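Colleague: Fold the following, please.
(2 chains, ligands or ions: 1)
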Amino acid sequence: MLNWLRRPKYESVERRDIPAGLWAKCPRCGQLVYRKELERNLKVCPKCGYHHRLSGPERLRLLVDEGTFEEWDAELASVDPLGFPEYADRYRHAVQRTGRREAVLTGRGRIEGVEAAVAVLDFAFLGGSMGSVVGEKVARTFERAVELRLPVVTCSASGGARMQEGVLSLMQLAKTVAAVGRLHTAGLPFVSVLCDPTTGGVTASFAMLGDVHVAEPGALIGFAGARVIEQTIRQKLPEGFQTAEFLLRRGLVDLIVPRSELKSTLARLLRLMGAGGEVAVDHRA
Amino acid sequence: MTTAPDRGEQERELQQLEEQLAQLQAAGSDVPDLETRLQALRERVQALREALWRQPTPWQVVQAARHPQRPKLGDYLQRLFTDVVELHGDRLFGDDPAMFCGLARLDGQAVVVVGHHKGKDTRENVHRRWGMPNPEGYRKAARVLRLADKLGLPAVTLVDTPAAYPGVEAEERGQAEAIARSILTLAQLRSPVVVAITGEGGSGGALAIGVGDRVLMMQYAIYSVIPPEGCAAILWRDAARKEEAASALKLTAQDLLELGVVDEVVPEPLGGAHLDPERAAQFLREALVRHLREVQALPPEERLQRRYDKYRRMGRFTAHPEDLLAGGR
Ligand SMILES: [Zn+2]
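Modeller: Numbers count the residues shown, from 1 in each chain, chains lettered A, B, ... in the order given. You can find the predicted model right below:
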């Protein structure tokens, strides 16, 4: 999608995500932070509150109760359906670097004891881009949630659709949205967590169809890439454009939650929405 | 075998011949042997066109899809439908001139029509943002599609857009949410939906009204996740390599038929719909009516299930590591 125009950010991002050495430099305030302290603080800068990006497994460790996660469809891997230039090499490189096969981790687990189906996108894997595998795993997550009567929590971090799979990646928008529709019809809750960055085809599909949208502070969330917009309108973009705070003011997200409170907030929300054994009376009949 | 003639050369020659033909026709009856000379020119034009379009390159198709004279929504409204009544506004914010919505008759039957609205000239295109909708355009579409559901009317959508509009206000008003919601509306619509991609199928902005029981694509239309120029800029940091990118993206109707993304390729007059809009419209009309009849014959529950399964199957991947990037399922 359009966001791909912002040249593979994940290369530079990777350096930001996993700062080397004993000290990490905060990209926002520029202060040097002792790495261990940063880790202890859930990768949030203790000086300015900047939320560093988390990998998929880090995000899972943050949200899912230890020892309760049962992964689904880990075996699914990408093919190169179009024979697209450089795709095979880039994909293999991502597999080697991350030790995972795709840009999403899905499964079931407990969030402060509340059982949920979970899908976590991993920006470190080809920019969290959605190709056939990501679309398939996300769709299966919603379908299994319907079968198992579970709520769904997704955590998005993605540059959008995966260009290298052409229109097949675009079709993943339709596939995932249709699956979300089934969950809604089944009356099950869906909380969409928007992490930095969530743009393009992921925002324009399942990520914006939650019953509740939760964003991390400062997260970049939008549809079109900033550069594409600037080129189109030939104007500088306003300060704070497409941030979580911007979206909250515009009525597009429900709440912004700091990382330290994310898990407890999700658990409270899910319980309020009828998950975790609370029996709600069905007034829809 | 002789070496393949240079396409650029052929295109220039074709253009020259077309100009000569136009001049000759304008000069009129005082030209000696007018009919004979016209006939000879026409034959050469036809032969060249056939040579050029027998196996067009993807980039040629991109140019045809974006041709300024290519028939637009307005042409199809006029040629395919009767009793057209446009409906305005999303009931939330405003009315988007980049998105057409309305009621009309197709083959005598009342239908809901939704389509990207490109303009005929620069002035109209500025007004209609070159057919690039804002969120209120998609929300208007979703509103009118829900009306189709309420009334049990089938829906026809016509896709022709470079992209959803990339603007500050579009983001402020939730472009992504509007697109996602429009896709959801179509995925769950009980009414039959037939989609025709008539020109440019520009990514999410196109898909937002491009989900249906049947997806038809005109022969020289394109459908892509990213414009070839943008793809080339990312891949090679060189937008000029757009022709290579157009090939890599597999964006032609034939490619997408093979990938299972579209159900039928609707033929066009040789060289593009702009050369004979009336005939192009006839082909499209025939295909729309035929597919609509087929999907209307299904019970709603079955139609919905089939639509779900259709999109559920899209994509290619493997569960066997040895197939990793081998070409797949
Ligand atoms: Zn900081």
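Colleague: Count the residues that sit near residue 180.
Modeller: I'll assume chain A. Using other CB atoms under 10 Å in any protein chain shown, A:Val180 is surrounded by 27 other residues. Where C-beta positions appear, they are placed from N, C-alpha and C, glycine not excepted.
Colleague: The intended chain is chain B.
Modeller: Residues near B:Ala180, counting by other CB under 10 Å, number 28.
Colleague: Could you tell me which residues make contact with it?
Modeller: A:173, A:177, A:203-209 (CB atoms under 8 Å, 6 or more residues apart in numbering or on different chains).
Colleague: how close does the residue nearest to it when sequence neighbours are not counted sit to A:Ala119?
Modeller: Using CB to CB, 6 or more residues apart in numbering or on different chains and skipping the chain neighbours, the partner closest in space to B:Ala180 is A:Met208 (4.5 Å). Between A:Met208 and A:Ala119 the distance is 15 Å, computed by CB to CB, to the nearest Å.
Colleague: that older thread, determine which two of the contacts of B:Ala180 are furthest apart.
Modeller: Pairwise distances across these (CB to CB) peak at 11.9 Å, for the pair A:Val177 and A:Thr203.
Colleague: Pick out whichever of the two has more residues nearby.
Modeller: Using other CB under 10 Å, the more surrounded residue of A:Val177 and A:Thr203 is A:Thr203, with 33 against 30.
Colleague: For that one, which non-adjacent residue is closest in space?
Modeller: Nearest to A:Thr203 is B:Ala176, by CB to CB, 6+ apart, at 3.7 Å.
Colleague: In terms of neighbours, single out the busier of A:Met208 and A:Ala119.
Modeller: For A:Met208 versus A:Ala119, neighbours defined as other CB under 10 Å are more numerous around A:Met208 (29 against 26).
Colleague: burial measure for the residue of the stretch 101-250 of chain B found nearest the ion, as a count.
Modeller: Nearest residue of the stretch 101-250 of chain B to the ion (CB to the ion) works out as B:Glu171 at 26.0 Å. The number of residues packed near B:Glu171 is 26, by other CB under 10 Å.
Colleague: just checking, it touches A:Ala224?
Modeller: Yes - using CB atoms under 8 Å, B:Glu171 makes contact with A:Ala224 at a distance of 6.8 Å.
Colleague: so who does B:Trp53 touch?
Modeller: By CB under 8 Å, 6+ apart, the contact set of B:Trp53 is B:60, B:270-271.
Colleague: any idea how far it is from the ion?
Modeller: Separation of B:Trp53 from the ion (CB to the ion, to the nearest Å): 59 Å.
Colleague: Please name the nearest non-neighbouring residue to whichever residue of the stretch 51-200 of chain A sits closest to the ion.
Modeller: Distances between the stretch 51-200 of chain A and the ion by CB to the ion are smallest at A:His52, namely 9.1 Å. With sequence-adjacent residues excluded and distances taken as CB to CB, 6+ apart, A:His52 is closest to A:Lys43, at 4.0 Å.
Colleague: The one you found: neighbour count?
Modeller: 22.
Colleague: And chain B, is stretch A:85-97 touching that?
Modeller: Yes - Stretch A:85-97 reaches chain B (CB under 8 Å from any CB of the partner chain) through A:85-88, A:91-92, A:95.
Colleague: hey, where'd the helices end up in the chain?
Modeller: In the absence of a named chain, chain A is used. Using DSSP state H, the helices found in chain A span residues A:10-17, A:35-40, A:56-63, A:87-98, A:132-148, A:166-185, A:200-203, A:226-233, A:244-249, A:259-272.
Colleague: Not quite, go with chain B.
Modeller: Going by DSSP H, chain B shows helices at B:7-27, B:34-53, B:58-65, B:73-80, B:122-127, B:135-151, B:168-172, B:175-188, B:203-207, B:228-236, B:242-248, B:253-258, B:277-296, B:300-312.
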